[in-house]
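Asker: From the sequence below, what's the structure:
(chains A and B)
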Amino acid sequence: DVKVTQSSRYLVKRTGEKVFLECVQDMDHENMFWYRQDPGLGLRLIYFSYDVKMKEKGDIPEGYSVSREKKERFSLILESASTNQTSMYLCASSSPGRSGANVLTFGAGSRLTVL
Amino acid sequence: GDSVTQMEGPVTLSEEAFLTINCTYTATGYPSLFWYVQYPGEGLQLLLKATKADDKGSNKGFEATYRKETTSFHLEKGSVQVSDSAVYFCALRTLSGNNRLAFGKGNQVVVIP
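Answerer: Residues are numbered from 1 along each chain as shown, chains lettered A, B, ... in the order given. Prediction:
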């Protein structure tokens, strides 16, 4: 089974801190994604990457950056955390192409609280 | 742009009841459509999908039919169990490429014994 592993399930940080959320997948997938999930808003795409060192902005990239130095690892960075970034963060991966490959495999999520 | 709309509000129902969750979409062309489920404390996982008009996706007793004429992909299950309690998300694959998915806001389903 494809596994997407997010390094931290729960984090508590202070306003202004730099936060790293790590995500690793073990199925050699080209595409990786970061979403945030908020009640009443569903999932919103922050950034995605379709290759090493490649990244594209999603729908809500402000206040975030990403890094993809290796194919299996996709990091989400909050340069200066703010309280409105308190959320559940979900990482996902998929292989490219149309047939069957549109399926995203998700990690278990990282719940971040910014005080 | 491409988007998905799910019915408002949580759904509470008794075990063995019939479940319907409505999903409509707006898209250019013919997107692929998905239902994902999120069980408590877990990430999302694919429940079922359909890639063209009139296709029916099915899994674990759930079904959804891709209706092009009504731009809908409603999820149904004839007899729910307590273990079906979860959040259900409808999604479509945008035509912008790179396998981006547009998600609906999700519906919390609570099944009472």
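
Asker: Pull the contacting residues for the most centrally placed residue in chain A.
Answerer: Central residue of chain A (C-alpha atoms, centre = their mean): residue A:34, 2.6 Å from the mean position. Contacts for residue A:34 (C-beta atoms under 8 Å, 6 or more residues apart in numbering or on different chains) come out as A:21, A:23, A:45-48, A:58, A:64, A:66, A:74, A:76, A:89-91. (Each C-beta comes from the backbone N, C-alpha and C, glycine too.)

Asker: and of those, the nearest to residue B:17?
Answerer: Closest approach to residue B:17 among the contacts of residue A:34 (C-beta to C-beta): residue A:90, at 29.6 Å.

Asker: That closest one: which element?
Answerer: strand A:87-94 (DSSP states H and E).

Asker: same check, this time on residue A:46
Answerer: strand A:42-49.

Asker: Low-confidence stretches in chain A?
Answerer: Within chain A, the segments meeting pLDDT under 70 span A:1-2, A:97-102.

Asker: same thing with chain B?
Answerer: Using pLDDT under 70, the flagged stretches of chain B are B:95-99.

Asker: near chain A, which residues of it?
Answerer: B:32, B:34, B:36, B:41-46, B:49, B:89, B:93, B:98-101, B:103-106 (C-beta under 8 Å from any C-beta of the partner chain).

Asker: Pull out the buried members of those.
Answerer: Buried members of the residues of chain B next to chain A, scored by 16 or more other C-beta atoms under 10 Å in any protein chain shown, are B:32, B:34, B:36, B:43-44, B:46, B:49, B:89, B:93, B:98-101, B:103-106.

Asker: coming back round to it: who does the strand holding residue A:90 pair up with?
Answerer: Strand pairing for strand A:87-94, determined by DSSP bridges: strand A:31-38 (antiparallel), strand A:105-106 (antiparallel), strand A:110-114 (antiparallel).

Asker: Quick check: which of the ones you listed is buried the most?
Answerer: Most buried of the strands paired with strand A:87-94, by mean neighbour count (mean count of other C-beta atoms under 10 Å in any protein chain shown): strand A:31-38, with a mean of 23.

Asker: roughly how far out does that strand sit from the chain middle?
Answerer: Computed by C-alpha atoms, centre = their mean, to the nearest Å, the chain-centroid distance of strand A:31-38 equals 4 Å.

Asker: could you dump stretch A:88-96 to PDB, C-alpha only?
Answerer: Extracted C-alpha coordinates of stretch A:88-96, given in PDB (Å, rounded to 0.1, in the frame of the first residue of the first chain):
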ATOM      1  CA  MET A  88      -5.400  20.600  10.000                       C
ATOM      2  CA  TYR A  89      -2.800  20.200   7.300                       C
ATOM      3  CA  LEU A  90      -3.100  17.300   4.900                       C
ATOM      4  CA  CYS A  91      -0.400  16.000   2.600                       C
ATOM      5  CA  ALA A  92      -1.200  13.900  -0.400                       C
ATOM      6  CA  SER A  93       0.500  12.300  -3.400                       C
ATOM      7  CA  SER A  94      -0.400  10.800  -6.800                       C
ATOM      8  CA  SER A  95       1.200   9.600  -9.900                       C
ATOM      9  CA  PRO A  96       0.700  11.600 -13.100                       C
END
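
Asker: Show me the contact partners of that stretch.
Answerer: In contact with stretch A:88-96 (C-beta under 8 Å, 6+ apart) are residues A:2, A:4, A:6, A:21, A:23, A:25, A:27-38, A:43, A:46, A:50, A:74, A:76, A:101-107, A:109-112, B:43-44, B:98-99.

Asker: buried residues in it?
Answerer: Those would be A:88-95, for stretch A:88-96 by 16+ other C-beta under 10 Å.
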